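**Student:** take a look and give me a structure for this.
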Amino acid sequence: MNSTFVQIPKLNINKQVKKKNDSITANTLLPKLMNDTSIQQQQQQPNQQQVTNGITILQNYQPQQPQTSSATQQPNSANNTPTLVSTKKSVIGINEIPEHLLIRDIIYVFQGIDGTYIKYNKQSDSFKIDENTSNTLVNGVPAYISKPKRDLVYRLCEFGWLFKKVRLFITNNDFKKTGLTNQSFCSAINDELIELYRIIAILETQVNKKFDMVNYGSGSSSGLESPSSVSSGGTTTSTEIPFVDGDSLTLIRLFVWIQSPLKRLKVLGTCVDSIKVDMKGGEILSKIDTLSKHGDQDIRILIHNIMFKICQPLFSMIRLWMFKGEINDPYQEFFIRQYESVQLEKTWKEKFAIVARLLPSFISLPLAKRILIIGKSINYMKQFCNNFKEDKNDRYYYYNQEDEEDEEEEDDDDDEEEDDGEKVEINEKEKEEIIERKLLKKESKIIKEKTKELNYINKEVLQEIIELVSRQSSERLLKIVLNRFKFMNHVKALKKYLLLGQGDFIQYLMDLIGEDLLKPTNQIQRHKLVGWMDTAIRNSNAQFEEQDIVNRLDIALLPERPGNIGWDIFSLDYHVDTPLNTILSPNDILRYKKIFHFMWGIKRVEYSLASIWRKIRSSTSLSILSPIKGDIHKSHLIMNEMVHFISNFQYYLMFEVLECSWKNLEKFIDQEATDLDQLIEAHHQYLQDICNKMFLSNSDSCYECFKKLLSIIIKFTLLQTKLINLSIAIQNEKNFNETHQAQVNKEFNSFRNHLNNLYQEYTSSFYKFQSEILKVKVNQDLNPISLQYMLDFNEYYEEKKDN
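**Tutor:** Numbering: from 1, shown residues only. Below is the predicted model:
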């Protein structure tokens, strides 16, 4: 609209008229306006540009429609009164653009298409009335659009803007090629747009009827004409100003009619706005699912219908994963990711994993983990149980929707088994298997029926399917691992040999290799140690073990360090092959070796103390060491303290730690474990409890104190060995003179000093170890109270410490 305005002549209204008419209408002002305007035209030449700009003032008037039909118009005073519209035409010579032409443009705008008067502006991203509308001619005179109609047109253009925005998004190939969920989302939105097209077609029919009635005088419709049929830019059109009857489609009626479709289109626009181009899979589902939590029932139903369609790829992937253990995910949009380049022993733990970013909001993380375990179980059985499909028992434990013929064959097989049961006596185990197969077959039929109901609307069915399928996959795999792979037998073998539970074998082995392990590491020969181990197996109860377990036992030598001897690098080993190594991982075996090395060091100290005690008891040469008889007696007392400490600590390890942890593991596996993940986690917890209670992973200071106590005891045994050797040397010396006596006295003084220092160091380390045990008890809620009691059951050390 131009910035210059026409100066409207001042209207002199008679005061008497005001008294007669309380309200002044446009019709009462019209004669006066016409009279004043004619006088103004006689005084000066009218400016054509000012006349055109005079539309600004006239737009504020609302034209009144005639009350009688044009065909039967009766002459009367009211009808003969000129209206504002006819006055504008006759006075100014400007016509308003017919409403049916604007409606026809709006129909194009609804589809995101430019019309004759309304066009899309890319800069402002909106539909606007063309600036050249003032140059359009209707009946040979310029035409315009009144301000009320302009406002209404712009409000109607919101529908077209949303439609264009949604359509551009779903036709974006960069978004559609990202995943199947993206394609389903575009398809679902497109289905809603098709419904809007149907509504637009109904409106178009109304427009065509009016357009044909005006132009052709008939009710037949030849289709909506192109907007180019009404030209602009000063070209005269053949369009007459239509007569508007009471039943025609008006802008007001059109605005009212599109409110419901506009509401749906706004929801579609909100859906499109919430999705980014780089989103896929569960990210899209989570965003749209959030919009479904709405108080308006119509909006909630619309979102549910959209989600119903875009969730189809997700539920198809879930079915394939849960029933076949396979992932068909070419676009990497499933919330379970498969990693191909994974070592075989890490198949169970690392080959499949949940991608939290792609997990839909309506599937909780615990539920997703159960879905993961079910698929992993089937995949594991198909990969490592070679006869899984051929095994008549195992084939019932996975579900395949496509194997309907197999189900019929299974029915026949069961019937044959029943017939055979009449002739051949079936044992209890076979009866249990037959009952179990029938039960699982019945569950498979239930699963098949419930799977057909699985969708977004009935997503609660997923929980029920998981409960049923879990029995056929997770629990079955657990039985295979425990029974066919004999998992517990292997764990028990590890407890016996690497955790020193088979006492006779360990003691016999230590007696055989004890002397060899005192040598430096460069003199240790592994094949010789393996031979000693075989001898220990043949001469102990280990000979009655299953041959498979015995064959897995081996000798491992740890990395050497400067100054180490054979005791420091010796370790037993247990070989685990496929598929057992996917459950008992190399890290688990490494933890077993760590525990063995710790307990082997305690065994070494016990073995050294026992050796010294035997030598002292069998030696007759100590009686000649009368000058240090009191020191020898003191060393015996110290040795008894050390034996007491070692024997009680071993008791704590074997019963309070190993046996209690083992009972907890057995109880959990027998009563609570339902899948392989829980079994693996229980085994990890078993090892963790052992390490914690042995102070290997929860208290470095406590572990260091204990290692220092062991080193002090080893030094004590070496000192005792040196004393025994000295007594033997004195006894064997025939020419004993003063020089020898002086040297012996020097050795006696050295022994006395070393003994006192060692005992003082042992006592201080023991007190520190006791205090560290109390700290562990308080800080980490462990309960080594039995160890604390056994080490000082008569409060000897406590009283000694106070004194």
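
**Student:** all contacts plus neighbour counts: C-alpha atoms, from now on.
**Tutor:** Will do.

**Student:** pull out the buried positions in whichever strand or helix holds Ile189.
**Tutor:** Element membership for Ile189, per DSSP states H and E: helix 180-216. Under the neighbour-count criterion of 16 or more other CA atoms under 10 Å, helix 180-216 has 180-190, 192-193, 196, 200, 203-204, 207-214 buried.

**Student:** mind checking pLDDT for His527?
**Tutor:** Each residue has a pLDDT score; the one for His527 is 92.

**Student:** and it, backbone torsions?
**Tutor:** Note on His527: backbone dihedrals following degrees, to the nearest 10 are phi -60, psi -30.

**Student:** so how far is Met533 from it?
**Tutor:** Note on His527: its distance to Met533, by CA to CA, to the nearest Å, is 10 Å.

**Student:** and what of His633?
**Tutor:** 38 Å.

**Student:** repeat that for Ser187.
**Tutor:** 71 Å.

**Student:** also Ile447?
**Tutor:** The gap separating Ile447 from Met533 is 54 Å, by CA to CA.

**Student:** likewise for Phe334?
**Tutor:** As judged by CA to CA, Phe334 and Met533 stand 52 Å apart.

**Student:** who's more crowded, those two?
**Tutor:** Higher neighbour count among Phe334 and Met533: Phe334, with 27 against 23, using other CA atoms under 10 Å.

**Student:** and that one, what are its phi and psi?
**Tutor:** Torsion angles, degrees, to the nearest 10, at Phe334: phi -80, psi 150.

**Student:** begin at 773 from now on, thanks
**Tutor:** Yes, from this point I'll number from 773; that puts the last item at Phe1106.

**Student:** list the contacts for it?
**Tutor:** By CA atoms under 8 Å, 6 or more residues apart in numbering, Phe1106 lies in contact with 1053-1054, 1086, 1089, 1130-1131.

**Student:** Three-state assignment for Asp886, please.
**Tutor:** Following DSSP: H, G, I helix; E, B strand; the rest coil, Asp886 is assigned to coil.

**Student:** which ones are touching Ile1560?
**Tutor:** One correction, residue 1560 is Gln, not Ile. If you count contacts by CA under 8 Å, 6+ apart, then Gln1560 has 1542, 1545 around it.

**Student:** and if we set it to 7 Å?
**Tutor:** For Gln1560, the contact set (CA atoms under 7 Å, 6 or more residues apart in numbering) is empty.

**Student:** which other helices and strands contact the top helix by length along the chain?
**Tutor:** The residue-count maximum for a helix in the chain (DSSP state H) belongs to helix 1510-1552. Applying 3 or more CA pairs under 7 Å, 6 or more residues apart in numbering; DSSP states H and E, we find helix 1510-1552 packed against helix 1472-1504.

**Student:** other SSEs contacting the helix it packs on?
**Tutor:** helix 1358-1390, helix 1510-1552.

**Student:** most tightly packed of those?
**Tutor:** A comparison of the helices and strands packed on helix 1472-1504 by mean neighbour count, using mean count of other CA atoms under 10 Å, puts helix 1358-1390 on top with a mean of 17.

**Student:** and it with helix 1472-1504, angle?
**Tutor:** Using axes from the mean of the first three to the mean of the last three CA atoms, to 10 degrees, the direction of helix 1358-1390 lies 30 degrees away from that of helix 1472-1504.

**Student:** my guess is Ser1343 contacts Ala1328. True?
**Tutor:** Yes. Using CA atoms under 7 Å, Ser1343 is in contact with Ala1328, at 5.1 Å.

**Student:** returning to that earlier point: mean confidence score for the longest helix of the chain?
**Tutor:** Model confidence over helix 1510-1552 averages 83 on the pLDDT scale.

**Student:** and if you look at stretch 1425-1443?
**Tutor:** 92.

**Student:** what segments of the chain are strands?
**Tutor:** 867-868, 890-893, 898-901, 909-910, 913-916, 1008-1009, 1108-1110, 1124-1126, 1325-1329, 1342-1346 (DSSP state E).

**Student:** now, of these, which is deepest in the fold?
**Tutor:** strand 909-910 (a mean of 25).

**Student:** helix or strand with the lowest mean pLDDT in the protein?
**Tutor:** strand 1008-1009 (a mean of 33; mean pLDDT, DSSP states H and E).

**Student:** just to revisit the earlier point, among the helices and strands packed on helix 1472-1504, which is nearest Met1466?
**Tutor:** helix 1358-1390 (8.5 Å; CA to CA).

**Student:** so the closest one versus strand 1325-1329, what angle?
**Tutor:** Here the directions of helix 1358-1390 and strand 1325-1329 differ by 80 degrees (the same axes, to 10 degrees).

**Student:** tell me what helix 1358-1390 is packed against?
**Tutor:** Using 3+ CA pairs under 7 Å, 6+ apart, helix 1358-1390 sits against helix 1472-1504.

**Student:** just the mean pLDDT for the helix it packs on, thanks.
**Tutor:** 88.

**Student:** centre of the chain versus that helix, how much separation?
**Tutor:** 57 Å (CA atoms, centre = their mean, to the nearest Å).

**Student:** next one: stretch 1560-1567
**Tutor:** Distance, centroid of stretch 1560-1567 to centroid of chain: 51 Å (CA atoms, centre = their mean).

**Student:** ditto for stretch 1453-1467
**Tutor:** Distance, stretch centre to chain centre, for stretch 1453-1467: 28 Å (CA atoms, centre = their mean).
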